[in-house]
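Engineer: Provide a 3D model corresponding to the input given below.
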Amino acid sequence: MGTNAGRWIIGRVRAWFSQIRTTLLFSYFIVILLCIALVGTASFYISYQTMADRIESAGSQIVGQIENNMDNDFHSKRNLLLAPYYDQKYIDGINAYAEMSEQQKFLFRQNLVNLYLKSFNATPIRGFSRFQIYYSTGELLGASDDFKPPSEAKIRNADWFLRTIAADGGVYFMGRGDGSIDADNTAYSSSILIRDFSNPERFIVVRVEYNDELFLTIGQSDDLSAGSRIVVFDQNDKTVYASGTLPDHAPESELVERANGPKGKFWFAKGGKNMLASYTRSDYTNWKIVLVMPRSEIFGPLDRIKTTVLYTALVAFAFTFLLSVFFGRIITKPILNLYKTVNRLKRGDFSERVAVGPNNEIGRIAANFNAMQDELQMLIETKYVNQIKLQEVELKMLYSQINPHFLYNTLDSIRAMSDYYKVGEIGEVAQALADMFRYNTRNRDEIVTLQEELEQIDAYMKIQGIRFDDKIVYEQDIDEALYGFPLLKMTLQPLVENAVFHGIERKRGKGTIRIAAHSELEGVHLTVSDDGVGISDARLGELRAKLNWQLHREVWPDSAAEGGIGVRNVYTRYAIRFGERMSFRIDSQKGVGTRITLILPHDGVFALPQARSEYST
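Structural biologist: Numbering: from 1, shown residues only. A predicted model of the protein is given here:
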């Protein structure tokens with residue numbers, strides 16, 4: 001019971017899916033589904049790439065702007081450190097400090113500290129914490145607070161002190177914890193060597209420490225997401241500043257390792273999260289500024305758009321399904337009626353006609369189908385049957401028109417020679433005639449070889465040579481490879497006969513008939529030419545016009561009095577079989593001669609399409 005029910009359900013489902021209405025419904029649905037899916041995918045991909053490019057470009061612009069802001073700030077701070085150069089007495093004091101008395105040293109130190117206090121107080125410096133001034137020996141000359149320095153030897157050997165001396169007047173910027181007093185509150189520091197350029201042994205080093213106020217303000221004007229981080233590394237790849245706390249999936253070591261160029265960007269993944277890092281290196285300080293942005297925050301709006309598009313597509317699918325059902329019924333109902341009429345027509349019932357509906361495409365199809373059905377019925381009952389019979393009659397006439405025509409001329413020659421009692425020539429003529437008839441009766445096949453046709457022409461020309469008393473010169477120019485080429489029987493003889501009676505016979509003096517067979521690029525060329533009287537332009541035009549007639553027509557001139565029977569018969573026989581794969585050319589000039597060329601395909605395969613003919617004068 002369950003098996004039968006399952007089969008019944010499967011059969012009903014198959015029958016439902018086999019209906020044109022169901023097919024049309026699902027076709028609409030699938031096409032629209034594919035279109036929406038393709039458009040949505042392409043749009044999302046383009047939007048994704050565009051947004052990624054913009055975010056990457058924006059990240060590069062942000063770190064570039066941060067670099068400019070930092071460099072400008074560092075330039076301003078550098079200018080403050082150069083204050084002693086604006087008053088020569090400070091440079092002179094540096095040179096003479098070692099020889100000064102204690103009181104003079106005290107005054108010089110006091111003036112030097114006051115100079116920098118005035119400089120830093122007159123121009124508010126963002127993030128300024130303290131400064132110290134050291135002599136070349138490591139002695140502390142002064143400070144902005146109660147700083148207790150280490151020993152002079154320790155100062156002289158400190159890394160930052162040596163690097164400042166090596167900078168030789170350039171500002172050396174260092175990161176957190178590099179000799180700072182309060183390492184927890186000092187973000188970075190800068191130091192510079194001040195000296196008389198003529199006395200490199202005596203100098204002072206001014207060191208200024210700053211908190212992270214500068215870094216807290218950078219990037220505030222940029223619309224950074226909550227998860228974005230800014231990291232600043234000094235020239236030794238030590239972290240100077242990091243906004244917030246970098247998570248474990250964005251370790252500073254990886255940022256330092258991959259941010260190894262003057263500027264750039266890269267994606268990296270750690271802990272299952274993708275992040276974009278944009279970085280640049282300052283030419284002034286050799287520090288790196290790195291901006292890290294999580295992918296989830298970059299493409300968060302795009303993901304929401306994707307979700308919205310998905311829900312919109314689902315609604316569109318449902319709406320499209322309902323419309324497909326509605327319009328499918330409207331479209332398929334007249335189509336089903338047309339289908340039923342076609343089935344009746346298939347069974348041979350031409351009496352029924354399709355009901356013509358509204359004046360739309362379906363209605364016009366029904367009207368045209370009814371007209372086609374009427375015409376088809378008429379063709380089947382009349383023209384088609386008549387065409388078949390006409391073709392059969394034509395093929396029979398083609399053979400019946402050739403042999404009697406030649407036979408009558410040959411018998412006439414025998415009768416004329418017998419009047420003169422030329423018994424020997426009569427025997428030759430009789431032998432040649434017997435060979436020709438033996439050829440026709442023995443070769444009952446429609447297809448013969450070129451060599452067999454040429455043997456037939458040799459016998460024919462022997463008879464004509466005797467008849468015209470050697471007036472005709474007969475020549476052959478045949479490619480040996482073409483002797484086995486297939487031809488229709490009685491192909492060359494009508495053309496040679498036409499050359500004899502319409503070309504050479506009317507000419508005074510001797511004439512030449514030449515048969516040539518050559519293989520060319522476009523096909524095998526069979527040529528029968530003579531140097532007889534030729535054909536007038538008017539007569540040549542009439543002959544060509546007859547060859548342009550359709551093979552199946554109501555009236556076909558078949559009277560010998562109209563001329564051109566041999567030419568037309570040969571053309572028609574090949575046209576019926578080869579159609580456009582063959583060419584038939586007639587070239588003639590009055591008083592010069594005539595050349596007829598038959599061009600056949602190399603493969604020699606016979607067919608039955610429409611024919612064509614070519615001419616030249």
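Engineer: What are the structural domain limits within this protein?
Structural biologist: Following the assignment in automatic domain parsing, the chain carries domains at 82-215, 383-615.
Engineer: Would you convert the ones you listed into JSON lines that also reports mean pLDDT?
Structural biologist: Formatted as JSON lines, these follow (pLDDT from 0 to 100):
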{"stretch": "domain 82-215", "mean pLDDT": "85"}
{"stretch": "domain 383-615", "mean pLDDT": "74"}
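Engineer: Kindly reformat those as TSV and extend each row with mean neighbour count and distance to residue 319.
Structural biologist: The way it works is simple: take the backbone N, C-alpha and C, and place the C-beta from them, glycine included. Formatted as TSV, the domains of the chain follow (neighbours: other C-beta atoms under 10 Å; distance: least, C-beta to C-beta, whole Å):
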stretch	mean neighbour count	distance to residue 319
domain 82-215	16	55
domain 383-615	16	52
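Engineer: Can you add distance to residue 289 and give the ones you listed back as a markdown table?
Structural biologist: Output for those, formatted as a markdown table (distance: least, C-beta to C-beta, whole Å):
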| stretch | distance to residue 289 |
| --- | --- |
| domain 82-215 | 10 |
| domain 383-615 | 76 |
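Engineer: Which of the ones you listed sits closest to residue 292?
Structural biologist: Taking C-beta to C-beta, domain 82-215 is the member of those nearest to residue 292, at 14.6 Å.
Engineer: can you give me the offset of that closest one from its chain's centre?
Structural biologist: Remark: domain 82-215 is offset 69 Å from the chain centroid, using C-alpha atoms, centre = their mean, to the nearest Å.
Engineer: secondary structure element for the closest residue to residue 151 other than its chain neighbours?
Structural biologist: Among residues not flanking residue 151 along the chain, residue 138 sits closest, at 7.5 Å (C-beta to C-beta, 6 or more residues apart in numbering). Taking DSSP states H and E as the definition, residue 138 sits outside all helices and strands.
Engineer: Enumerate every residue touching residue 138.
Structural biologist: The neighbourhood of residue 138, defined by C-beta atoms under 8 Å, 6 or more residues apart in numbering, consists of 151, 152, 153, 154, 155, 156, 161.
Engineer: Hmm, the second one is touching residue 139, no?
Structural biologist: In this case it means residue 152. Yes - with contact defined as C-beta atoms under 8 Å, residue 152 counts as touching residue 139 (5.5 Å).
Engineer: For the lengthiest helix in the chain, name the packing helices and strands.
Structural biologist: Longest helix in the chain, counting residues (DSSP state H): helix 20-81. Packing contacts for helix 20-81, counted by 3 or more C-beta pairs under 8 Å, 6 or more residues apart in numbering; DSSP states H and E, involve helix 102-122, strand 188-195, strand 203-210, strand 263-270, strand 273-281, strand 288-294, helix 295-298, helix 300-346.
Engineer: how about a cut-off of 6 Å?
Structural biologist: Helix 20-81 sits against strand 273-281, strand 288-294, helix 300-346, with contacts defined as 3 or more C-beta pairs under 6 Å, 6 or more residues apart in numbering; DSSP states H and E.
Engineer: rank the ones you listed by mean pLDDT and give me the bottom one.
Structural biologist: With a mean of 71, helix 300-346 has the lowest mean pLDDT of the helices and strands packed on helix 20-81.
Engineer: That one: what's the following helix or strand?
Structural biologist: Counting by DSSP H and E, the next helix or strand C-terminal to helix 300-346 is helix 361-378.
Engineer: Rounded mean pLDDT for that next one, please.
Structural biologist: Mean pLDDT, computed over helix 361-378, is 73.
Engineer: That one: which residues count as buried?
Structural biologist: Residues 362, 365, 366, 369, 370, 373 are the ones in helix 361-378 that count as buried (16 or more other C-beta atoms under 10 Å).
Engineer: Measure how buried the closest residue to the second one other than its chain neighbours is and give me the count.
Structural biologist: This means residue 365. Closest residue to residue 365 apart from its sequence neighbours, by C-beta to C-beta, 6+ apart: residue 338 at 7.1 Å. Using other C-beta atoms under 10 Å, residue 338 has 17 other residues around it.
Engineer: Done for today, thanks.
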